[in-house]
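Chemist: predicted structure and sequence below. I'll ask about it afterward.
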Amino acid sequence: MMASRIPESTRALVIKKCSAEAKPVYHDAVLETRPLQQLKPGEVLVKMGAVSFNHRDLWIRLGQYPGINFGSTFGADGAGTVVASADSNDALLNKRVFLTPMRGWESKPDAPETEGGFGILGGGRNPSLGTFAEYVVVERNQVVRSPDHLDDVQVSAWPLGGLTAWRAAIVNAEASKDQNILITGIGGGVALLAMQLCLAKGANVYVTSGSEEKIRKATALGAKGGVNYKLKDWPSHLVALLAKNSGKSAKIDAVVDSGGGDIMTQVNSILKQGGKVVVYGMTANPQIKFTMREVLKNQRLIGSTMGSLKDLKDATTFVSEHRIVPVVSHVLEGLEAAEEGFELMKRGDQFGKIVVRINDKANAKL
């Protein structure tokens with residue numbers, strides 16, 4: 001597509017500051033028509049096919065996320081088709097892609113290359129773009145080819161959660177064949193993707209949830225079993241499951257956790273000596289208790305935040321090879337339906353990702 005045929009405008013879901021009187025704080029999500037800039041060298045135009053929600057989108061509206069940039073577009077995750085490029089011979093033209101959900105971490109194994117240089121798409125300044133739009137202008141080296149076995153709805157459920165899950169479960173927890181891996185809070189996008197990645201590696205996966213229904217669904221997807229974390233003695237229930245499946249002396253090799261709080265002390269007796277607890281979120285408590293008992297067992301606590309572009313490409317190759325299909329909980333039709341997505345996130349009863357399919361009606365003006 002030549003520059004002259006690029007749409008002049010796109011609709012986008014934008015964050016607007018709520019009134020000072022609003023209690024509690026809940027910023028507005030407004031659908032606006034915005035002009036599209038001319039493509040610069042190295043840029044492509046992606047016609048979005050589907051976008052998906054992350055908890056950070058809700059936290060931004062609640063004013064609980066750092067660096068909110070009012071007037072910016074929501075969304076870190078999205079997939080679509082390259083419909084224009086600054087280079088008319090671009091090999092990406094008409095190819096299905098997803099947007100890299102972050103900037104500032106290329107390939108360094110341990111952490112981003114520079115302090116303070118890491119940023120996530122959607123609602124912020126670094127970078128100042130989001131996926132919740134009908135068209136997005138983006139650097140061509142910040143899109144990744146979509147796996148052929150997935151459609152745009154499924155692909156949109158992959159990038160941020162998949163990268164976080166890969167880094168936590170495969171890079172940091174080093175999940176491998178026949179290991180016993182515990183994944184807490186099953187039902188969320190990252191936890192489910194971590195489970196799918198671990199299962200593809202040949203690991204035995206156990207889960208926790210506050211919902212018996214979510215545990216049943218996880219077991220149907222391949223988990224060995226699960227326990228309800230609302231039970232005070234849930235670790236002892238897990239001991240019984242481990243004994244049943246792997247013998248009395250069986251232990252957990254690694255934990256992939258999103259809760260924080262007392263997770264180290266809760267799993268101390270069921271985690272092997274030298275075992276790892278990898279934490280990618282702290283929804284239960286923003287502090288983690290770490291005692292001498294864990295020290296004496298050489299147990300390790302590892303923080304894990306998203307990952308690098310190299311991690312993302314490695315993870316996407318793995319997903320293609322193993323034909324992993326991200327779990328989608330709800331599909332909403334059109335950006336007009338985004339408010340329903342925020343309400344679903346608030347309720348928290350989803351199992352998998354909440355996706356908005358971008359339809360073709362009344363969109364960009366040609």
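Modeler: Done, it's in. Remember, it's a predicted structure, so these values are computed and weren't measured experimentally.

Chemist: what residue is smack in the middle of this protein?
Modeler: In the chain, the residue lying closest to the centroid (Cα atoms, centre = their mean) is residue 161, at 1.7 Å.

Chemist: how about that one, what does it touch?
Modeler: By Cβ atoms under 8 Å, 6 or more residues apart in numbering, residue 161 lies in contact with 54, 77, 189-190, 193, 326, 353. All C-beta spots, glycine's among them, are computed from the backbone N, C-alpha and C.

Chemist: which of those lies closest to residue 181?
Modeler: Among these, residue 193 lies closest to residue 181 (Cβ to Cβ), at 13.2 Å.

Chemist: excluding covalently adjacent residues, which one is nearest to the closest one?
Modeler: Spatial nearest neighbour of residue 193, excluding adjacent residues (Cβ to Cβ, 6 or more residues apart in numbering): residue 165 at 3.8 Å.

Chemist: secondary structure class of that neighbour, three-state.
Modeler: Here residue 165 takes the helix state, with states given by DSSP: H, G, I helix; E, B strand; the rest coil.

Chemist: roughly how far does residue 314 sit from residue 308?
Modeler: According to Cβ to Cβ, to the nearest Å, residue 314 and residue 308 sit 9 Å apart.

Chemist: who's more crowded, those two?
Modeler: Remark: of residue 314 and residue 308, residue 308 carries more neighbours, 23 against 17, as counted by other Cβ atoms under 10 Å.

Chemist: and the pLDDT for the residue lying closest to the more buried one once chain neighbours are set aside?
Modeler: In space, and not counting its chain neighbours, residue 308 is closest to residue 105: 4.4 Å by Cβ to Cβ, 6+ apart. Note for residue 105: predicted pLDDT of 97.

Chemist: and residue 105, how far from residue 223?
Modeler: For residue 105 relative to residue 223 (Cβ to Cβ), the value is 30 Å.

Chemist: also residue 25?
Modeler: 37 Å.

Chemist: show me which of those two is the more surrounded one.
Modeler: Between residue 25 and residue 223, counted using other Cβ under 10 Å, the more crowded position is residue 223 (21 against 13).

Chemist: so which helix or strand takes in the more buried one?
Modeler: Residue 223 belongs to no helix or strand when assigned by DSSP states H and E.

Chemist: I figured it hits residue 203, correct?
Modeler: No - using Cβ atoms under 8 Å as the test, residue 223 is too far from residue 203 to be in contact (10.3 Å).

Chemist: where along the stretch 201-350 of the chain do the helices fall?
Modeler: Taking DSSP state H, counting those that start in this stretch, the helices of the stretch 201-350 of the chain run over residues 212-220, 234-246, 263-267, 292-296, 309-322, 338-347.

Chemist: so where do the helices sit in the stretch 51-200 of the chain?
Modeler: 55-61, 152-156, 159-165, 189-200.

Chemist: deepest of these, which one?
Modeler: Greatest average neighbour count among the helices of the stretch 51-200 of the chain goes to helix 159-165 (a mean of 28), per mean count of other Cβ atoms under 10 Å.

Chemist: C-alpha coordinates for it, PDB please?
Modeler: Taking Å, rounded to 0.1, in the frame of the first residue of the first chain, the C-alpha atoms of helix 159-165 are listed here in PDB:
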ATOM      1  CA  PRO A 159       2.400 -11.400  23.800                       C
ATOM      2  CA  LEU A 160       2.600  -9.900  27.200                       C
ATOM      3  CA  GLY A 161       1.200 -12.900  29.100                       C
ATOM      4  CA  GLY A 162       3.200 -15.300  27.000                       C
ATOM      5  CA  LEU A 163       6.400 -13.400  27.500                       C
ATOM      6  CA  THR A 164       5.900 -13.100  31.300                       C
ATOM      7  CA  ALA A 165       5.000 -16.800  31.500                       C
END
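
Chemist: average pLDDT across it?
Modeler: 98.

Chemist: now residue 268: how far from residue 163?
Modeler: Note on residue 268: its distance to residue 163, by Cβ to Cβ, is 29 Å.

Chemist: and if you look at residue 352?
Modeler: In terms of Cβ to Cβ, residue 352 sits 17 Å off from residue 163.

Chemist: low-confidence regions, the stretch 251-366 of the chain specifically.
Modeler: Across the stretch 251-366 of the chain, the ranges flagged by pLDDT under 70 are 360-366.

Chemist: quick one, strands of it?
Modeler: 252-257, 260-261, 271-279, 285-288, 300-303, 328-333, 353-357 (DSSP state E, counting those that start in this stretch).

Chemist: out of those strands, deepest packed?
Modeler: Among the strands of the stretch 251-366 of the chain, the stretch with the highest mean neighbour count (mean count of other Cβ under 10 Å) is strand 252-257, at a mean of 27.

Chemist: just checking, what packs against that one?
Modeler: Under the contact criterion of 3 or more Cβ pairs under 8 Å, 6 or more residues apart in numbering; DSSP states H and E, strand 252-257 touches strand 180-183, helix 189-200, helix 263-267, strand 271-279.
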